[in-house]
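In: Sharing a model prediction with you, sequence too.
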Amino acid sequence: MYTLFIDTHDELITVALLNEEKVIEKTKESLYSHAVYLMPMVESILKENSLTVKDIKDIVAVNGPGSFTGLRIGLSAAKVMAYSLNVPIYLVSSLSAYLVSSDIKGNKEAVIEDNKGYYISVFDENNNSLVEETYKEDISEFNYPKVEEKLDVRKVVNYAKSFEPAKTHLVRANYVKKIEVEK
């Protein structure tokens with residue numbers, strides 16, 4: 001049985017299947033075509049590994065902050081599959097995903113910039129939150145090493161699954177642009 005991982009929060013779509021032994025990952029650059037590529041990527045990764053959707057035991061999805069359309073597409077696909085397969089769905093923020101993927105020892109920060117400010121989160125070396133995800137116009141008060149915007153799928157999935165699964169019907173995206181609307 002496999003965990004299906006979906007990340008569509010930015011221009012890079014990441015789809016992965018993993019179990020205790022291996023991680024099978026596919027990525028695709030997609031500026032505005034997530035809807036065109038996501039489900040064929042899921043179908044392809046299953047078919048290439050002689051698997052079917054019935055081999056999926058749970059789903060981990062990145063719920064932002066990120067692109068409005070990208071997150072809608074990824075989370076909609078994840079929710080539909082979770083409902084139809086009757087499997088749990090776990091959510092992880094893009095900032096947390098970057099933080100837990102990092103090999104930086106000690107405190108570290110993840111930053112996602114939009115056109116008016118920054119989303120930021122800070123974790124300690126044990127991946128405990130020191131600064132909850134927040135939006136700031138100025139982040140000069142934070143002087144922690146910044147993590148790269150890259151994912152270690154195994155670490156992200158393990159982190160996400162350390163929490164309770166989401167109620168599928170309550171899965172919501174954390175849109176970057178939502179912050180601008182609230183200002």
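Out: Nice, I can see it. Residues are numbered from 1 along each chain as shown.

In: make it CA atoms for all contacts and neighbour counts henceforth
Out: Fine.

In: which sections of the chain are below the confidence cut-off?
Out: 177-183 (pLDDT under 70).

In: center of it, which residue is that?
Out: V62 (2.2 Å; C-alpha atoms, centre = their mean).

In: what sits against it?
Out: I6, D7, T8, H9, L71, L75, L91, V92, S93, S94, A97 (C-alpha atoms under 8 Å, 6 or more residues apart in numbering).

In: how much space between it and D55?
Out: Using C-alpha to C-alpha, to the nearest Å, V62 is found at 21 Å from D55.

In: The residue nearest to the centre of the chain bridge partners, please.
Out: V62 has these beta-bridge partners by DSSP bridges: V92.

In: In this protein, what residue spans correspond to helices?
Out: 34-48, 68-85, 94-101, 153-160, 176-182 (DSSP state H).

In: Nearest to K146 among those would be which one?
Out: Closest approach to K146 among the helices of the chain (C-alpha to C-alpha): helix 94-101, 8.9 Å.

In: elements contacting the closest one?
Out: Packed against helix 94-101 by the contact rule (3 or more C-alpha pairs under 8 Å, 6 or more residues apart in numbering; DSSP states H and E) you find strand 108-113, strand 118-123, helix 153-160.

In: These: which one's closest to Y32?
Out: Of all the helices and strands packed on helix 94-101, strand 108-113 sits nearest to Y32, with 18.8 Å by C-alpha to C-alpha.

In: Run the angle between the closest one and strand 118-123 for me.
Out: Orientation of strand 108-113 against strand 118-123 (axes from the mean of the first three to the mean of the last three C-alpha atoms, to 10 degrees) gives an angle of 170 degrees.

In: So which bits of strand 108-113 are buried?
Out: Along strand 108-113, these residues count as buried under the neighbour rule (16 or more other C-alpha atoms under 10 Å): K108, E109, A110, V111, I112.

In: ok, of the contacts of V62, which one's closest to E133?
Out: Distance ranking of those against E133, using C-alpha to C-alpha, places S93 first at 9.0 Å.

In: unless I'm mixing things up, that closest one is touching V60, no?
Out: No - the pair S93 and V60 fails to qualify as a contact (C-alpha atoms under 8 Å) at a distance of 10.6 Å.

In: and those two? which has more neighbours close in?
Out: Ranked by neighbour count (other C-alpha atoms under 10 Å), S93 and V60 place V60 first, with 27 against 21.

In: circling back to that earlier point, I'd like the helices of the chain as CSV, with mean neighbour count and distance to I13 appended.
Out: Putting those into CSV (neighbours: other C-alpha atoms under 10 Å; distance: least, C-alpha to C-alpha, whole Å) gives the following:
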stretch, mean neighbour count, distance to I13
helix 34-48, 16, 7
helix 68-85, 20, 9
helix 94-101, 26, 12
helix 153-160, 20, 13
helix 176-182, 13, 17
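
In: Please consider this matter closed, and thank you.
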